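Asks: need coordinates for the following:
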Amino acid sequence: MPLPPNASRFRGRYSRFRVTSAAATPAAIGQLHHEFAAWIGDTVHTTDGRRSDIILVVYEALASTAETVDTGPAQLSITARYSHKTRSLHVCVHARRTWLYRVSRLPSTRDLGLDIIHALCDQPVFTSTSSGTEVDLRWNLFA
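Replies: Model prediction:
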């Protein structure tokens, strides 16, 4: 399966995936999810179960941004960097709008998604500012 134009295959020590602007709509999120899953499958060297966990966590981060923006769809960006040497993965999902709810006070329909993120990601960090929201996700895949 060919990678999306913004993704890159193994080039030395790092592989990167990057989409700089996409609407936070269900269709666009589905497409990003599909492209990211393909990149993970081709790039990240870990168990199938761990890859599935990563794909689920990133989907939940994308879905959370789409469901909680204030008015109208936000613009999303997603960047990922995998280190072949250290087998570490860093994914950042950014919505260029503010969330309708603070992460600590999301409505109960999103609680499960946030619980999934916290349970399956080694280091999740959520940051909300006046210009947008960022979900920073890190995994150490050596373990």
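Asks: this protein: helices as residue ranges?
Replies: Taking DSSP state H as the test, the helices found in the chain are 26-43, 48-68, 108-120.
Asks: confidence score at the residue nearest the centre of the chain?
Replies: When Cα atoms, centre = their mean is applied to the chain, the residue found nearest the centroid is Val58 (3.4 Å). You'll see Val58 listed with a pLDDT of 96.
Asks: pull the contacting residues for it.
Replies: 33, 36, 78, 91, 93, 137 (Cβ atoms under 8 Å, 6 or more residues apart in numbering). Where you see a C-beta, it was placed from the backbone N, CA and C, and this is true even at glycine.
Asks: farthest pair in these?
Replies: The distance between the two most remote of the contacts of Val58 (Cβ to Cβ) is 14.1 Å, for His33 and Leu137.
Asks: re the thing from before, closest to Thr20 out of the contacts of Val58?
Replies: For the contacts of Val58, with Thr20 as the reference and Cβ to Cβ as the criterion, the closest is Ile78, at 8.7 Å.
Asks: show me the shaky parts of the protein.
Replies: 1-12, 66-73, 98-111, 143 (pLDDT under 70).
Asks: how far away is Arg13 from Tyr82?
Replies: 10 Å (Cβ to Cβ, to the nearest Å).
Asks: looking at these two, which one has more neighbours?
Replies: Set Arg13 next to Tyr82 and count neighbours by other Cβ atoms under 10 Å: Tyr82 wins out with 24 against 10.
Asks: what's across from the more buried one in the sheet?
Replies: Ser15, Leu89 (DSSP bridges).
Asks: show me the contacts for it.
Replies: 14-16, 43-44, 88-89.
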